[in-house]
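Engineer: below: sequence and its predicted model.
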Amino acid sequence: MNPEIQRIHELRTLLTKHARLYYVYDSPEISDYEYDKLYAELKMLEEKHPEDFDETSPTQRVGGAPLDKFEKVTHTVRMDSLADVFSFDEVADFVGAMQNATEKPHFSVEPKIDGLSVALTYESGRLVRGATRGDGVTGEDVTANIKTVGAVPLRLTEPLDLTVRGEVYMPRASFEKLNLTREAEGQSLFANPRNAAAGSLRQLDPKIAAARGLSIFVFNLQSGNLYTDRENPDSHTETLARLRELGFTVLHDKACLSSTEEILAHIQRLGNMRDDLPYDIDGTVIKLDSLAARAAVGEGTNTPKWAVAYKFPPEQKQTKLLDVEIAVGRTGVLTPTAILAPVRLAGTTVSRATLHNARFIRDKDVRIGDTITLQKAGDIIPEVVCAHPEKRTGAETPFQMPTHCPSCGEPVFYDEEEGAATRCLNTACPAQLSRAVEHFASKGAMNIDGLGPQIVDLLLKNQLIADVADLYSLDVKQVASLERMGQKSAANLIEAIEGSKSAGLERLIYALGIRGIGEVAAASLAARYGSLMACFGATYEELIAIEDFGEITAGSVLEFFSRPQNIDLCQRLLAVGVKDAPVAAPKGTKLQGLTFVLTGTLPTLSRDEASEKIKAAGGKVSGSVSSKTSFVVAGEAAGSKLTKAQSLGVPVIDEDTLLAMLNN
């Protein structure tokens, strides 16, 4: 054999061994520097000898050519979700039920990794497919991205045929590095590691996924044989041990327990160590350890009967309220924001949180200098839970909302009835104009990619625009002259602005920023009137008759179109070529006649993605629950909408059921 070819084989074996020691056994024998040198040598030799290509080589993790789309994959074994429980009493009830159903059961109690569930399929020990969970029956083929995850073995230690299930996650260190990079590049930040992991695994360009630092824990054998000469083990614990021998990274901090007291103590232990883990967990999974006992207990309609997921309550932290800043929104509302001593909370470092309005501050008696308790609503939005008066030193100062707008200096108006809002009524207020342009360009509105807050501020500062209609008169030369804007970026922005002319009437109405008119109400207006010009003549009787419209919403529309400056703005938008025709009818009719309300954080879909899927299938998405609501789609940390749905008897479904409705 050619000595260089022989060296290639030696390096592949050596690097695979060291990767296994690093990821699986957490006991590296060489430094990252030494590993990188060996990797560079292998890469050089492989480029010199392309005839010895091997798709399982460590060098094949870097990511190939970008994909056009993800192909669909039908899972050979359903990837069901688990039933959630939220109290120790519910855990005890589950354990008791299993003790009644099977003799002297043992339970595997393990951390619930906060990531994205995937299935990995191996043939003759080689990775051939990685697929997302999807709706449990059908997922997406993300093999190219899965190969970039260092903890995923490209080749097992033995030539076996099997499929395993695992959770892809983003370690906290990778998450913080990613957000720092995005912040430096002026991009929006990911809300938490789970969202970042999901977004990374669904990148069409594998090189982007490769740069994100993802990892994985494998927690289940879906199908196949773990040995060539004997039967699979009968316990989950033994199965995980065997998967580890084959090269998979399996769950840490797992325990096999039998009594309710032991199980609850371990859940408490995992909860106490959340902050110290290098990855996020959002609960604990409790499942029968015996596979025979699982088969005897059986499966439910959508979840196994032999397992539950205990979800941790929202993580709370105490910190200091250092100051309060006032932001002026596009409708003139003054919103106080708490400036906090930075604290790590639910996956990110938090230094700001909204205080909503004067009533919120008054009711919670929040003062500058207070020690406050903080949590994240849905693990995303930081919110102040309460202040701690018992920790005051006397140096704390009550906060009063300003009497004049901090942006334009005009007097403000306090409206107790309309949500305790403090509002600047000056329509020429610079802050309102800036927010209005940002809203106009936002994803749900005209979707002008690249027109973020910094660019908006530069356009206003340089007097290139005075309102949103002026955007359509900009040219590449003007935009390229702005600070930090090159010729290519300017050309891309002008192209995006031009493309937004065809966004459609629904988006255009929403983009105008009419108070109280969200995407759902904008779509209803578009359906009722058919053009922007027709909206000018809307009457109160017509508006109040629109489904989901109330007196306040109807009044906001009438007020907006009664102002000459708003009519002039609309006419100028139409004059520069912005189209006001409704968008094309939905492609599907599976959900026609059904109204959905989304609440909470869904496992894999963003609110926008879920809304688009529903609308494309002929359904309607509403922002509020009523007796006319067909279904409420509830995710994690669902709030008052879920409570209202339950009180009205509105059916509540999860993401899996929604996807099944869309697919069937």
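Structural biologist: Now that the structure is in, tell me what you want to look at.

Engineer: go ahead and confirm S524 touches A545.
Structural biologist: No. The pair S524 / A545 is not scored as a contact, 10.7 Å apart, by Cβ atoms under 8 Å. (Glycine included, C-beta is placed from N, CA and C.)

Engineer: these two: which has the busier surroundings?
Structural biologist: S524 (21 against 11; other Cβ atoms under 10 Å).

Engineer: list the contacts of stretch 37-53.
Structural biologist: 2, 4-5, 7-8, 11-12, 14-15, 18, 57-59 (Cβ atoms under 8 Å, 6 or more residues apart in numbering).

Engineer: ok, which pair from those residues is furthest apart?
Structural biologist: N2 and H18 (24.1 Å; Cβ to Cβ).

Engineer: what's the burial count for D114?
Structural biologist: Residues lying near D114 (other Cβ under 10 Å) number 23.

Engineer: quick check on the spatially most central residue of the chain: phi, psi?
Structural biologist: Residue closest to the average C-alpha location in the chain (Cα atoms, centre = their mean): N195, at 3.6 Å. When quoted as degrees, to the nearest 10, the phi and psi of N195 stand at phi -60, psi -40.

Engineer: distance of it from R202?
Structural biologist: 11 Å (Cβ to Cβ, to the nearest Å).

Engineer: restrict whatever helix or strand M44 lives in to CA atoms and write it as CSV.
Structural biologist: Per DSSP states H and E, M44 falls inside helix 32-48. Output of helix 32-48 as CSV, limited to C-alpha atoms (Å, rounded to 0.1, in the frame of the first residue of the first chain):
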residue,chain,number,x,y,z
ASP,A,32,-7.0,20.6,20.8
TYR,A,33,-3.8,21.9,19.2
GLU,A,34,-2.5,18.4,18.7
TYR,A,35,-5.8,17.2,17.3
ASP,A,36,-5.9,20.2,14.8
LYS,A,37,-2.4,19.3,13.6
LEU,A,38,-3.4,15.7,12.9
TYR,A,39,-6.6,16.9,11.2
ALA,A,40,-4.6,19.3,9.0
GLU,A,41,-2.3,16.5,8.0
LEU,A,42,-5.2,14.2,7.1
LYS,A,43,-6.9,16.9,5.1
MET,A,44,-3.7,17.6,3.1
LEU,A,45,-3.2,13.9,2.3
GLU,A,46,-6.8,13.4,1.3
GLU,A,47,-6.6,16.3,-1.1
LYS,A,48,-3.5,14.7,-2.6
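
Engineer: count the residues that sit near the closest residue in space to E123 that isn't next to it in sequence.
Structural biologist: What sits nearest to E123 in space, not counting adjacent residues and going by Cβ to Cβ, 6 or more residues apart in numbering, is D161, at 5.4 Å. When counting by other Cβ under 10 Å, one arrives at 15 neighbours for D161.

Engineer: tally of neighbours for S473?
Structural biologist: By the criterion of other Cβ under 10 Å, S473 has 12 neighbours.

Engineer: so what pLDDT did it get?
Structural biologist: pLDDT recorded at S473 is 94.

Engineer: hmm, N426 is touching F413, no?
Structural biologist: No. Counting by Cβ under 8 Å, N426 stays clear of F413, with 10.4 Å between them.

Engineer: higher neighbour count, these two?
Structural biologist: N426 (18 against 13).

Engineer: and that one, what does it touch?
Structural biologist: Here N426 is in contact with 332, 405, 408, 410, 432 (Cβ under 8 Å, 6+ apart).

Engineer: thought A255 was touching A265?
Structural biologist: No. The criterion here is Cβ under 8 Å, and A255 misses it with A265 at 9.4 Å.

Engineer: got any ranges where the stretch 201-350 of the chain has weak pLDDT?
Structural biologist: For the stretch 201-350 of the chain, residues meeting the criterion pLDDT under 70 lie at 347.

Engineer: can you map out the strands along it?
Structural biologist: 215-224, 255-257, 281-288, 307-311, 316-328, 334-345, 348-354 (DSSP state E, counting those that start in this stretch).
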